[in-house]
Each structure stands twice: as structure tokens, then as C-alpha cells.
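Student: Take this sequence and fold it.
(2 chains)
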Amino acid sequence: MEKTNRPVKNRSLPGNESLLRQLWNDPMGRTGMIGVSIVILLAVFAPWIAQYDVAKMNARAKLTGPSAQFWFGTDHFGRDVFSRIVYGARVSLEVGIVAVGIAAGFGYLLGMIAGFFEGRVESIIMMVMDVIFAFPSILLALFIVSALGPSIINTMIAIGIVNIPVFTRTVRASVKTVKSTDYIANARSIGLKKMSILFKHVTPNVLAPFTVQATLALSGAILTEASMSFLGLGIQPPNPSWGSMLSDARKYMERAPWLVLFPALFIIMTILSFNILGDALRDVLDPKLKL
Amino acid sequence: MRDYIIRRLLTLIPILIGVSIAIFIVMQLIPGDVVSGILGIEETPELRAMWEAKLGLDKPLIQQYFSWIGKALTGDFGESFRTGAPVFPEIMNRFKISAELAILACVIAWIIALPLGILSSLKRNSIIDRIVRVVALLGVSVPNFASATLLILFFSKAFNYYTPVKYVGLFENFGTNMEIMLLPAFILGSVMAGSVMRMTRSSMLEVLRQDYIKAVRAKGAPERVTIFRHAFKNSSIPIVTLIGMQIGGLMGGTVVIEQIFSIPGLGQFTLTGITQRDFPVVQGCVLFIAFLYVVINLLVDILYSYIDPRISYS
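Tutor: Numbers count the residues shown, from 1 in each chain, chains lettered A, B, ... in the order given. Below is the predicted model:
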């Protein structure tokens, strides 16, 4: 088995160290990594970085401009914008990671089953995926949240469901390609069980496209959450969300443009960083696509 | 070809049935019941029974589904709980507005993206290529609500200019209509342009390194002919696929932009239905949008054969 596995090893996910090093050596990869690291650090160390309680109102400091006391100014309730942006990073990442986790988990399982077993099972799974795909993603997410009620958990579930088909299709396509290789035929011929082939031999080879898809889906999930919160159907007050901060800011943007500028800047920086990292990951993991 | 179209139309049936079942199931998940939502504090057992009978909620779920879908097939999407007006004619009115916005956005996206994508592929790794790639990346990474808010702020601060708030139809006053629609269309178009630019560039690069392009150049064909007739045409299938998906996505996907610019389109209608818990409106809009999305994908599939005659549908 060792010998037959060797040629496909290049297509599998490289060891963490070499992958990180390869990403770091690529200027785009480095930019993406730095941007994503900043967002992760903000989210993880939010309680230490934020200067004020995100929900604490201060009637005396309403709509104060950026200063040494309030780095990014204050909003119409006198709340510190910097602290809310820092905690907003935590909310965005939480929603993004859980939603992509839901999508990736279900997508992986369904894609594996559809790609490996084929036949009627595959037709049914792909039909369900086609049905989910028949809705524009933001609309479907809004529709699901409208039924479940707006909350952070339901936002995660809605965005997760919307993203399942992309993962299912990616995994299914990879499984079908891997399945036709000689080493899988060999594994079958020596009598390995289907489950063993699926998880031990097929899985490592679908990880590369899967990882790229997960990174890109994360930026999509953060964007969808921000859009839903902007429309008032995502994260509910007093939890800070960049989307709802931007939406609230529109009423005061003439007097307090910083209320618009800072959340917008952070949303753009975060999504841009994830997209750049996703592109760089794709180039490293699947050099065939690098043009 | 005709057989293929018929076969593809037939495959739409199970998907649309699936879509309608999905919508029906999601509507059943709504906490609390519709009648309480309508009656509020005025609810009495008699009034409740009357409304349940009126809305058909006293029947078994399967019967409710068939009754709803049967009416929907004849264009009867029910009446709005809020206004009492039939939903379908309102959807059609709103659709015209969203379609205008979508068409404008597509035209803007193509005008920006296709020439720049082609140029970027021809000048690979040059400064032009790098600029185009950064612009494209920004296009796909800047959320439309963020760019819309920033542009509104910019125009108001720099030029003291505000887009008209009250919507005016295209045929009522062309100038005012364009004044209302161009900025939102530009914002939607710039997001679309980012992906189209990236796809055009990568697809063109793939085709430009093929042997037949070398052959075309070797026989002395003008560069314009090589690029447009041989390279671009053959690289356009993934671009058309992407554009098709984007047009489909614009139906309902314009919800955020319509909300920001107070454009009374389909997206805004759906959102109002969601926030006001006006279920016939939500159900009708989502079904209509999903139907459009599926039909647009079918049209894209059919378009493939015109672009690339090698694709056989037999």
C-alpha cells in the first residue's frame, strides 16, 4: 500500500509547518496571514484590548470624535466604538467559524457519501443540494432566520445551512476524482472495507480543496452575518456586530462620520484578508490552478 | 437542441417541487402561529376559528401544502396579511424594478470587468495586471452595504449631494429614475465586476496557452482576431456560468442595496414581509425568486451550446 499511496501524497494537505512556511514566503499569503492574525488576536484578547464595557452607555460622551480617551470616538449612546469593534471581531469570527463548521461538517459527510456510493443516494443528496442552491444565499439565510427568530445561534445555523451545498459539491467532485485512481482500485482489490477506504485513503486527498473552500467560506459567512445584522436580522443588541454598527451609524453619519468609517474599514479588512489568504492557500495547495 | 431543452425543463420539476416543500417546511417552523400574529390582543376562540378556516390552517399539513402550491401554480400567492392586497401582482410590479436594477448592474459590471480581465491576461505580471488584480480583489471583498454607506457619506460631504429618496419609474421620468438607480447599480456592478474580472483573467490565461492559439498566431491572424474570436470566445463558458449565477443572485440578492437606497424592489418587499411577519408575502417572494434563479441557470446552460458548438446536447 505504501508504494501505491506515494504518487498522490503531493495532492494531500502538506504538514502544517511546510504549509505555513509556503504561505509566508508568498507576499499575498503573508498579507492574508497578517490580516487574519490581527482579527484573531482582536477576537481572542478582546477583554484585554477593549477599554470599555461594550454595552455601557455614557450620556455625557454621546457622539464624541476620536480622541486619546476614545480612540475611535463614541456612538449615539456614548458607547466606545473601539471596544465595540474589538468585540465585534469576536462575534464575526464566532459566527463565521461555527457556521462554516456546520456547513463543512455536513458538506463533508454528504459529499463523501454522494461521491463514494453514487446511484440513488447520490441523486437524492444532490437534489437536496440543488434545492438549497436554488435560493440566493442572503435571501435563504434571512428566510431561515425569519422562521427561527433572530439570534446569534440561529444566524450561525442559517449561514451554515446556506453553505452546505458548496462543501458537498467540492468534496463530491474530489471523491469522484480520487475514486478513479489506481491506488483506490488496489485498496479495493485487497479487500479493504468501504469505510476504511473512505476515511483512510480518500479523506486525505480531498483535504486540499476542502481547506481552500473553508477559508473562502469563512469570509463569505462573515459577510453574510454582517449583511444580516445590517438589515437588523442577525446579531441582536446589545451584542456588537460590525454590520449593525454600520447600520445604526447611517442616521448620524453627517455629524459623526467615524461611526461609519471604522466598522466599514474593519469589515473590509477582515473579508479582504480571508480572501487573500484563501487565494494564497489555493495556489499553495493546488498549484494547477495558479495562473 | 429542442429535446435537450425539454429534458432540462423536466429536470426543473423535481427541483421546483423540492423548493416549494422547503419553503413550506420553513414556514411551519415559525414559532407561535400565524393567527395569533394577525389577531394580537383581539384574539377570541371564535375569531381564531374563523381565521383558521379562512386561511385553511384547520386542514392537515399535506392538504395545506397542496392547496397552497395549487393556487401558486395559477398565480394566486394569497393576500398580504398587512394590506389585504393580492401578493402576485405586487411581486410583478416589484420585479420590474429589481430587474431594471439588475440589468443596469450587469451592464456596468461587464463594461468594467471584461476589458480589464482580458487586458490583465494579455499583460500578465505587468503593473497593469497587478492593479487589475488588486481592484478585482477589492471588488469581491468590499461588502455592498459598506461601499454604499461610504459612497453616500462621500457624496454628501464632498458635493452636498443626496440621491432622491422617493422612487420614480423608468417611464415616468427617465432622468430622475437614472439618478436614483445609477449609484446602487454601480455598487452592485462593482461587486460583480470583481469576480468577473478574476474569472475572465484566469480563463483567458488558460486558453491563451493552448496550442491552437499559437497556431492562429503562426498563420498570421491579426491580434484582435486571435484575442476576440479565438481566445475570448473559447474562454467565455466559465465567465457565462459565473454571470448567470450572479444574475440569479441579484434577484433577491439586491435586498440590502434596495433597503439602503429605498428602492421598492423585490428584495425590499421580501424584507418588509420578513420583518412584518407577513407570511404570504415572504412565501410568494421566496418561491418566485427561487423559480427565477432556476430558470436563469437553465438559460445559461442553453447558452453554452451557442458559445461552444462542441458541447453536444444529444
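Student: what about B:K54, neighbour count?
Tutor: For B:K54, the count of nearby residues is 11 (other CB atoms under 10 Å in any protein chain shown). C-beta here means a position set from N, CA and C on the backbone, and glycine is covered the same way.
Student: oh sorry, the question was meant for A:V36
Tutor: 21.
Student: tell me the contacts of it?
Tutor: A:S273, A:F274, A:L277 (CB atoms under 8 Å, 6 or more residues apart in numbering or on different chains).
Student: And the pLDDT at the second one?
Tutor: With respect to pLDDT, A:F274 scores 91.
Student: residues touching it, list them.
Tutor: Contacts of A:F274 (CB under 8 Å, 6+ apart): A:G32, A:G35, A:V36, A:T215, A:L216, A:L218, A:S219, A:I222.
Student: Not counting sequence-adjacent ones, nearest residue to B:S20?
Tutor: B:I69 (5.3 Å; CB to CB, 6 or more residues apart in numbering or on different chains).
Student: for the one helix or strand that neighbour maps to, the distance to its chain's centre please.
Tutor: Element membership for B:I69 (DSSP states H and E) is helix B:61-73. Counting by CA atoms, centre = their mean, to the nearest Å, helix B:61-73 is centred 26 Å from the centre of its parent chain.
Student: in it, what's buried?
Tutor: B:Q64, B:Y65, B:W68, B:I69, B:A72 (16 or more other CB atoms under 10 Å in any protein chain shown).
Student: repeat for stretch B:196-214
Tutor: B:196-208, B:213.
Student: so for that stretch, what's the average pLDDT?
Tutor: For stretch B:196-214, mean pLDDT is 88.
Student: Give me the distance from it to the chain's centre.
Tutor: Relative to the centre of its chain, stretch B:196-214 is centred 27 Å away, using CA atoms, centre = their mean.
Student: How about it and chain A, any contact?
Tutor: Yes: using CB under 8 Å from any CB of the partner chain, stretch B:196-214 reaches chain A at B:R201, B:S202, B:L205, B:E206.
Student: ok so, going back, looks like the residue nearest to B:S20 contacts B:G18 (just checking).
Tutor: No: applying CB atoms under 8 Å, one finds B:I69 not in contact with B:G18, separated by 11.9 Å.
Student: Can you spell out which helices and strands pack onto whatever helix or strand comes next after the helix holding B:I69?
Tutor: Where DSSP H and E defines the elements, the next helix or strand beyond helix B:61-73 is helix B:87-122. Using 3 or more CB pairs under 8 Å, 6 or more residues apart in numbering or on different chains; DSSP states H and E, the elements in contact with helix B:87-122 are helix B:127-141, helix B:174-208, helix B:233-253, helix B:255-260, helix B:266-275, helix B:279-307.
Student: for helix B:87-122, which positions count as buried?
Tutor: In terms of neighbour count (16+ other CB under 10 Å), helix B:87-122 has its buried residues at B:87-88, B:90-91, B:94-95, B:97-102, B:104-106, B:108-110, B:112-114, B:116-122.
Student: how close does the residue nearest to the spatial centre of chain B sit to B:Y293?
Tutor: Within chain B, one residue has its C-alpha closest to the average C-alpha position: by CA atoms, centre = their mean, that is B:L250, at 1.9 Å. In this view, B:L250 and B:Y293 are 10 Å apart by CB to CB, to the nearest Å.
Student: Need the residues touching each of those two.
Tutor: The contact lists of B:L250 and B:Y293 share A:P136, where a contact means CB under 8 Å, 6+ apart.
Student: for the helices and strands packed on helix B:87-122, which one sits closest to B:T11?
Tutor: helix B:279-307 (8.7 Å; CB to CB).
Student: Centre of the chain to the least confident helix or strand in chain B by mean pLDDT, how far?
Tutor: Across the helices and strands of chain B, mean pLDDT, DSSP states H and E gives its lowest value to helix B:34-39, namely a mean of 73. Distance of helix B:34-39 from the chain centroid (CA atoms, centre = their mean) equals 32 Å.
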